[in-house]
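1. Model the following, please.
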Amino acid sequence: MSEVSLDAGAGGALSDAISAFSRYEAIRPRLPAAQYPARSLSLPSLEEVADHVDGFLLDAFGVLNVGETAIPGAVDRMASLRARGKRLVVLTNAASYTRPQLLAKYHRLGFDFSAEEVVASREVAVARLEQIAPGATWAAIAAAGDGFSDIPAHMLDAVADPMALDAADGILFLSTARWSPTMQRRLIESLARNPRPLVIANPDIVAPREDGLTLEPGLFGHDLLDATPAEVHWFGKPFPGTFAEGIARTGLAPDRLAMVGDTLHTDVLGGAAAGCRSVLVTDHGLFAGHDAARFISASGIRPDFIVPSI
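-> You can find the predicted model right below:
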């Protein structure tokens, strides 16, 4: 599987799971190291996985929802797990949303998560900006209409203001909604001329939505690192900061938790690196319509449990 060529680079489209998987494998040395079980246990759902753990860290896209649509049965499954006393925390790389916005979305889809049960990579990244570059002005790569009221720093809009990338002390990458190959080249050139911190709050390469895979900030961050040396700070799965926050919210030891996700290189790898057990969901996210076992064998990233849906 890892020998399959990409359909395109960051300026084009990763059209399917094979090309996305190939890109993840190519950047594997930049990801955390982890150990995996010798074999995976296939189970019908999280209801059976719950016999083995005390709580769950949950990816959102491909696990709870696809785009703006809840996965059938997901709301009821969360209610069932909660009734059994299982701890639940959502870990999301959807960095374009603040935690209140995410909470409102999940409530709209029918989930009953509390504010303490949602950890967004955005808030983990924002909490560390001052440590990375004290007193800095940040140029934000964000979606149209995104606000920065939750960010305690001077912010510029890197997409709307052509001068922002050169003027800022650091770059904060939140969303690809308005990004383009032209702006990517401008970013690479700007950081080559004047090296500064680049904070990527969504390490995903792609994300599953109703009409296919979307390109995410992680893809462009790795494209940049392929082109030029840069000071890049990653926040979100599979990197440790988000996992540490999520584990702390549960009050449980990592080995009593299972990270549930639809990707090997973010959810399964990240969960294993954090000391958690892991669950790969195969029917709704990145590997929907594919034989996930082929990807597991090719990468060696092996989940503890495999379920078709939660």
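
2. And the strands in the stretch 1-150 of the chain, which stretches?
-> Applying DSSP state E, counting those that start in this stretch to the stretch 1-150 of the chain gives strands spanning 41-42, 55-58, 65-66, 69-70, 87-92, 118-120, 137-141.

3. Out of those, which is closest to residue 164?
-> strand 137-141 (4.1 Å; CB to CB). Yep, even glycine has a C-beta here, placed from its N, CA and C like the rest.

4. Break the protein into its domains for me.
-> 17-123+238-307, 136-234 (automatic domain parsing).

5. right, and the ones you listed - which one's nearest residue 129?
-> Using CB to CB, the domains of the chain put domain 136-234 closest to residue 129, at 5.6 Å.

6. If you rank every helix and strand of the chain by mean pLDDT, what lands last?
-> None of the helices or strands of the chain scores lower by mean pLDDT, DSSP states H and E than strand 206-209, at a mean of 82.

7. how about the CA coordinates for that strand, as PDB?
-> Below are the C-alpha coordinates for strand 206-209, written out as PDB (Å, rounded to 0.1, in the frame of the first residue of the first chain):
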ATOM      1  CA  VAL A 206      -7.700  15.000   4.800                       C
ATOM      2  CA  ALA A 207     -11.100  14.900   6.500                       C
ATOM      3  CA  PRO A 208     -14.200  13.000   5.400                       C
ATOM      4  CA  ARG A 209     -17.300  15.000   4.500                       C
END
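
8. so for the helix or strand just after that strand, what's the average pLDDT?
-> Using DSSP states H and E, the next helix or strand after strand 206-209 towards the C-terminus is strand 212-215. For strand 212-215, mean pLDDT rounds to 84.

9. Tell me the buried residues in strand 212-215?
-> Buried residues in strand 212-215, counted by 16 or more other CB atoms under 10 Å: 213-215.

10. Partner strands of that strand, with direction?
-> Here strand 212-215 is paired, per DSSP bridges, with strand 206-209 (antiparallel).

11. What ranges in this structure fall below the confidence cut-off?
-> Flagging of the chain using pLDDT under 70 yields the residue ranges 1-15.

12. Find the centremost residue of it, please.
-> Central residue of the chain (CA atoms, centre = their mean): residue 93, 3.5 Å from the mean position.

13. circling back: with distance to residue 129 added, can I get the domains of the chain in CSV?
-> What follows is these, written out as CSV (distance: least, CB to CB, whole Å):
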stretch, distance to residue 129
domain 17-123+238-307, 11
domain 136-234, 6
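
14. Pull the contacting residues for residue 60.
-> 90, 92, 94, 102, 106 (CB atoms under 8 Å, 6 or more residues apart in numbering).

15. Pull the most distant pair out of these.
-> Among the contacts of residue 60, 94 and 106 lie farthest apart (CB to CB), at 10.8 Å.

16. Do a quick rundown of the strands in the stretch 151-300 of the chain.
-> 154-157, 170-173, 197-200, 206-209, 212-215, 231-234, 257-261, 277-281.

17. what's the nearest residue to residue 91 once chain neighbours are set aside in contact with, if anything?
-> In this structure, residue 91 finds its nearest non-sequential neighbour in residue 246, 4.7 Å apart by CB to CB, 6 or more residues apart in numbering. By CB under 8 Å, 6+ apart, the residues touching residue 246 are 57, 89, 91, 119.

18. that older thread, how about residues contacting the least confident helix or strand of the chain?
-> Contacts to strand 206-209, defined as CB under 8 Å, 6+ apart, come from residues 14, 20, 61-62, 66-67, 93, 213-216, 219, 262, 284-286, 288.

19. Go again with 6 Å.
-> 14, 20, 61-62, 66-67, 213-214, 216, 285 (CB atoms under 6 Å, 6 or more residues apart in numbering).

20. Show me which of those residues are buried.
-> Applying 16+ other CB under 10 Å to these flags 14, 20, 61-62, 66, 213-214, 216, 285 as buried.

21. Please identify the nearest residue in space to residue 261, excluding sequence neighbours.
-> Leaving out its chain neighbours, residue 261 is closest to residue 267 (CB to CB, 6+ apart), at 2.2 Å.

22. make that residue 171, sorry
-> Closest to residue 171 by CB to CB, 6+ apart is residue 198, at 4.7 Å.
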